[in-house]
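pasting a predicted model and its sequence here:
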Amino acid sequence: MPQSTEDPPKKPPLIGALLRVPALAIHRKLIRELRASGFEDLSPPHMAVIQYPGPDGLRPSALAERAVMSKQAMNQLLKTLEAMGYITRSAAPDESGGTIVHFTDRGRAAYQKMADILLDVEREWAEELGQKRFTELKTLLGDLWDTPLIR
């Protein structure tokens with residue numbers, strides 16, 4: 001039986017791709033605009049630490065879990081960010097021997113700039129999709145945020 005020369009019908013992207021592609025676009029925009037705003041030393045891996053809700057008051061192990069990376073990899077990122085002046089690490093107040101991460105003034109400034117960039121993204125996307133549809137999108141994603149499905 002001869003093979004068909006027609007391309008098989010394309011399947012629509014699954015939810016993973018539908019969420020990943022916009023997330024990657026946001027990360028690229030964040031890095032580009034952070035660098036243009038004077039935070040030239042930040043790179044995509046650093047987003048694992050400085051992303052919402054930020055590292056303030058958290059242990060490196062909690063940051064590693066949140067970023068889905070090893071504790072060793074997280075500690076390397078923290079060491080780099082500390083050397084660049086974005087975070088500090090101090091002894092945990094409970095005398096457990098662990099450390100707690102805090103933003104420095106430079107880290108807080110970068111975090112605030114990220115928030116400003118993300119507000120711009122929201123305005124752009126609302127313009128592209130229409131305010132009603134964008135609000136629905138945010139509401140639906142917010143509903144998922146609060147479920148055990150993504151925790």
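Arrived safely, thanks for sending.

need phi/psi at the residue nearest the centre of the chain.
Nearest to the mean C-alpha position of the chain, by Cα atoms, centre = their mean, lies residue 51 at 4.4 Å. Main-chain torsions, residue 51, degrees, to the nearest 10: phi -70, psi 160.

need the longest helix for the protein.
Counting residues, the longest helix found in the chain (DSSP state H) is helix 105-129.

on contacts alone, who are the packing partners of it?
Helix 105-129 sits against helix 15-36, helix 47-50, helix 131-145, with contacts defined as 3 or more Cβ pairs under 8 Å, 6 or more residues apart in numbering; DSSP states H and E. C-betas here are computed from N, CA, C, even on glycine.

okay if I get those helices as JSON lines plus mean neighbour count?
Formatted as JSON lines, the helices and strands packed on helix 105-129 follow (neighbours: other Cβ atoms under 10 Å):
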{"stretch": "helix 15-36", "mean neighbour count": "13"}
{"stretch": "helix 47-50", "mean neighbour count": "20"}
{"stretch": "helix 131-145", "mean neighbour count": "11"}
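
so which of these is nearest residue 93?
helix 47-50 (20.5 Å; Cβ to Cβ).

ok so, going back, quick one: residues contacting the residue nearest to the centre of the chain.
residue 114 (Cβ atoms under 8 Å, 6 or more residues apart in numbering).

ok, back up a step: save the helices and strands packed on helix 105-129 as TSV, and put in mean pLDDT too.
Output for the helices and strands packed on helix 105-129, formatted as TSV (pLDDT from 0 to 100):
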stretch	mean pLDDT
helix 15-36	94
helix 47-50	93
helix 131-145	94
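
quick one, which of the ones you listed gets closest to residue 8.
Nearest of those (Cβ to Cβ): helix 15-36, 17.7 Å.

could you report the separation of residue 94 from residue 49?
22 Å (Cβ to Cβ, to the nearest Å).

likewise for residue 90?
16 Å.

check residue 105 too.
Counting by Cβ to Cβ, the gap from residue 105 to residue 49 is 16 Å.

with adjacent residues omitted, what lies nearest to residue 134?
Leaving aside its sequence neighbours, residue 134 sits nearest to residue 126 (Cβ to Cβ, 6 or more residues apart in numbering; 4.0 Å).

residue 92 contacts residue 98, doesn't it?
Yes - using Cβ atoms under 8 Å, residue 92 makes contact with residue 98 at a distance of 4.3 Å.
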